[in-house]
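Enquirer: model the following, please.
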Amino acid sequence: MNPDLIAQQKQSAAALGLRVVKTRHDFHNSLTHILGFSEMLLEETQERGRDHLRPDLDLIHRTAGLLMQQISDKLDAPKIKAGHINLSSLERQICKHATEIETATAAVLAKTDDLADDVFKSDLSRIAGAAQRILELASTSLASLSDSIASETTFFRATTNPLTALLPASDTEVAINTIKEGAILVVDDLEENRELLSRRLSRLGYSVRTMDDGQAALDSLLANPPDLVLLDILMPGLDGLEVLRRLKSNPAIQHIPVIMLSSADQIDTVVRCITLGADDFLPKPFNATLLMARIESSLSKKRLRDQEAAFLKRLQTEQEISERLLLNILPKPIAERLKQGETIIADNFPEVTVLFSDFVGFTKLSSAIPPKVLVGRLNEIFSTFDELCDQHGLEKIKMIGDAFMAVAGLPTPRGDHAEAAANMALSMQREVDRFNALNTDHFRMRIGLNTGPVVAGVIGTKKFAYDLWGDTVNLASRMEAHAPANGILVTAATYERLRGAYTFKPGRVIRVKGKGEVLTYLLLCKSPFSSA
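Expert: Model prediction:
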C-alpha cells in the first residue's frame, strides 16, 4: 500500500480518537452535573418531607447513571473504528434517555410551582439545561462522528477492494428503510411545517395526515383517532394548548400521546404543556434525529399502554365469565364470602322452608322418548323452574336426575319463606300443566314442603356445592316421596304458617323413620279471601 495513504489513514485515526475523547468528555460533564444535583435534591426531599418528588428525581438520577455507563462503554474510538458500535443507534438511545430526564425535570417543576425555594428550582433548571446540552451533543457531535466514520469507511473501501461495493447494505442502512408502525396527526397552521413533517415521516413509513386548524383536529381525533399527535402551540383560533386541554379531558381520546411543537422553548412553556398532559415537548426549529427519537419513544409508550389496556380488558372479560360461572354454582352472598377469603362456610338458619319435587314414573316415561328429546324437554322444564326461583325468591340447591330441590329463607333470611315456597310449588304445577298441553306429554309431578331449622354450607375444594343438612331436609324429601301425583304435600309445621291464606285438604298420617307418625296436608291453592 502507498506509504502516503498509510500515513493519511493514521492521521485520520488519530483525529477521530481525539474527537471521540472530546465528545465523551462533553457528555460526562453534563451527566456529572445531572447526577450531582439530583443527588443533592434527593437528600433535600428526604430532609424536608417532599417524598412526592422522589419518584421523578429517582428516575432522573437512575437514567443519568445509565447514560453515563452507555457513553463510557460505547463511545470508544477503537470499538467505533472496528465497526462494533452503531453510532446512529447510540444517538437514538442518548436522545431517548435525555428526553426522559428533561420530561421528569419538567414534571418535578410542575409539582413545585407553589414552593418558595429558589435554590431547589435553580438546581432543577441546571438539570434541565444539562439534559438539553446532552440532546444537542447527540444531534451534533455524534452525528458528525457518524458522518466522519461513514466517509472514512467509504474512502477505505474504495482504496482497498472495489468488490466490497457488492456486499449487502449495513445494519444502519437497513434500519433507515425499515417500515414504521403508527398513524400520526400533524397539526400546524403553516403549510411549510406540515409539508416538511409529512414528507419526513412518510419516508420513514409512518401513516400521516395533517390539519391546519385546532377545532378541525379535535373533530378528526374523535372520528379517526391516530396513534400520536404532533401539535403546534401558536395557532390562530383554537391554539395548541387549548386543543391539548380538551383532548386530555375527553376520556375517548385522552390516551393518545401528544408531542408539542413550539418556537418558544422557555421552561415555563414546557412545564405548562407537561402539566396539561403532553407526553413530550420539542422546540422549533427541531432536530430531525431528536424528533424521530421522541416520536418512537412516545409510540412505544402508547403500544405498551394499548397492550396493557387489551390485557386488562381480557382479564375483565375472564373475571366476568368466572363470576357468572360461580354464581351458577353458588348464591351470590356465598360467592362474595368465598372471594373475600373465607375457607369454611357453614351457617345455622333457625327456620326455612325446603321444597322437593320429582316426576312420577319418570324411568318408564324416559324409555319411550328418544334421549335427545327427553333431555331437551327436561332442560325446558327445569329452566322454567330456575326462572320461578328468581321470581319467588327461592334458592335452587340442586337437581338430581328428574328431582329438583330449592329452599326459601336462605342465604338471606326472610319472614315469609313458607308463603314463597308455597307460591313456587303452585307455579311449578301450572307450568307443568302448560308444558304438557303444548307438547302432548304426560309429565306428572309431586312436590313436598317442610319448614324448620337447617344447616347450610359449601362443600368441596375443586368443585363447589352449596347444600343443606338436617331433619328438616329429610322430612321435606319424605313429603315429596309420599305426595300423590300432581299433588303438593306439606308438613304440619308448614301448614301452621300457611293456613288462612291457602286452601288445604287433610292428607294422611305417614310413618317416617326416626320421626314416627307425621300429620300431612295437601296444598290446593291460594285462598280467595287471602290478601297475601
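
Enquirer: every contact and neighbour count from this point should use C-alpha atoms.
Expert: Fine.

Enquirer: which SSE is immediately downstream of the lowest-mean-pLDDT helix or strand in the chain?
Expert: Within the chain, judged by mean pLDDT, DSSP states H and E, the helix or strand with the poorest mean is helix 171-176; its value is a mean of 35. In the C-terminal direction, the helix or strand that comes right after helix 171-176 (DSSP states H and E) is strand 183-187.

Enquirer: give the pairing partners of that following strand; include direction for each.
Expert: The pairing partners recorded for strand 183-187 under DSSP bridges are strand 207-211 (parallel), strand 228-232 (parallel).

Enquirer: after it comes which helix or strand?
Expert: Stepping forward along the backbone from strand 183-187, the first helix or strand reached (DSSP H and E) is helix 191-203.

Enquirer: and that next one with strand 207-211, angle?
Expert: In this structure, helix 191-203 runs at an angle of 170 degrees to strand 207-211, with axes from the mean of the first three to the mean of the last three CA atoms, to 10 degrees as the basis.

Enquirer: how about helix 191-203, which residues are buried there?
Expert: Buried residues in helix 191-203, counting neighbours by 16 or more other CA atoms under 10 Å, are found at 194, 197-198, 201-202.

Enquirer: stretch 272-287 too?
Expert: Taking 16+ other CA under 10 Å as the neighbour-count basis, stretch 272-287 is seen to contain the buried residues 272-283.

Enquirer: so where is the stretch 201-350 of the chain shaky, pLDDT-wise?
Expert: Within the stretch 201-350 of the chain, the segments meeting pLDDT under 70 span 263-266, 285-286, 325-328.

Enquirer: just the strands from this structure, written as ranges.
Expert: Counting by DSSP state E, the chain forms strands over residues 183-187, 207-211, 228-232, 258-262, 280-283, 346-359, 395-400, 403-408, 445-459, 465-469, 488-491, 502-512, 516-526, given from the N-terminal end onward.

Enquirer: I'd like the mean pLDDT over stretch 123-135, please.
Expert: Per-residue pLDDT over stretch 123-135 has a mean of 86.

Enquirer: cool, and stretch 94-112?
Expert: Average pLDDT, stretch 94-112: 87.

Enquirer: returning to what we had before: which of the strands paired with strand 183-187 is buried the deepest?
Expert: Of all these, strand 228-232 has the most neighbours on average by mean count of other CA atoms under 10 Å, namely a mean of 26.

Enquirer: rewinding a little: which one of the buried residues of stretch 272-287 sits closest to residue 251?
Expert: The shortest gap between residue 251 and any of these belongs to residue 277, at 12.8 Å (CA to CA).

Enquirer: list the contacts of the residue nearest to that closest one when sequence neighbours are not counted.
Expert: Nearest-residue entry for residue 277: residue 248, 6.4 Å, with adjacent residues in sequence omitted and distances by CA to CA, 6 or more residues apart in numbering. Contact partners of residue 248, counting by CA atoms under 8 Å, 6 or more residues apart in numbering, are 254-255, 276-277.

Enquirer: nearest to residue 468, of the residues you listed?
Expert: Taking CA to CA as the measure, residue 468 sits nearest to residue 255 out of these, at 51.2 Å.

Enquirer: list the contacts for that closest one?
Expert: 248, 302.

Enquirer: now it: how far from residue 102?
Expert: Summarising the geometry, the distance separating residue 255 from residue 102, computed by CA to CA, to the nearest Å, is 21 Å.

Enquirer: same check on residue 30?
Expert: Spatial separation of residue 30 from residue 102 under the definition CA to CA is 13 Å.

Enquirer: what do the two both touch?
Expert: Listed contacts common to residue 30 and residue 102 are residue 131; contacts here mean CA under 8 Å, 6+ apart.

Enquirer: can you name the residues bridging to residue 447?
Expert: Judged by DSSP bridges, the bridge partners of residue 447 are residue 357, residue 488.

Enquirer: for stretch 224-243, measure first residue to last.
Expert: Between the start and the finish of stretch 224-243 there is a gap of 16 Å, counting by CA to CA.

Enquirer: coming back round to it: pull the most distant pair out of the contacts of residue 248.
Expert: Between any two of the contacts of residue 248, the greatest separation by CA to CA is 12.9 Å, found for 255 and 276.

Enquirer: of all the strands of the chain, which one is nearest residue 80?
Expert: With respect to residue 80, and counting by CA to CA, the nearest of the strands of the chain is strand 280-283 at 29.7 Å.

Enquirer: parallel or antiparallel, list what pairs with the closest one.
Expert: The strands that strand 280-283 pairs with in its sheet are strand 258-262 (parallel) (by DSSP bridges).

Enquirer: kindly format the C-alpha coordinates of the partner strand as CSV.
Expert: In CSV, the C-alpha atoms belonging to strand 258-262 read as follows (Å, rounded to 0.1, in the frame of the first residue of the first chain):
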residue,chain,number,x,y,z
VAL,A,258,-49.1,14.3,22.2
ILE,A,259,-45.8,15.9,21.4
MET,A,260,-45.9,19.7,21.5
LEU,A,261,-44.0,21.7,18.9
SER,A,262,-43.2,25.4,19.5
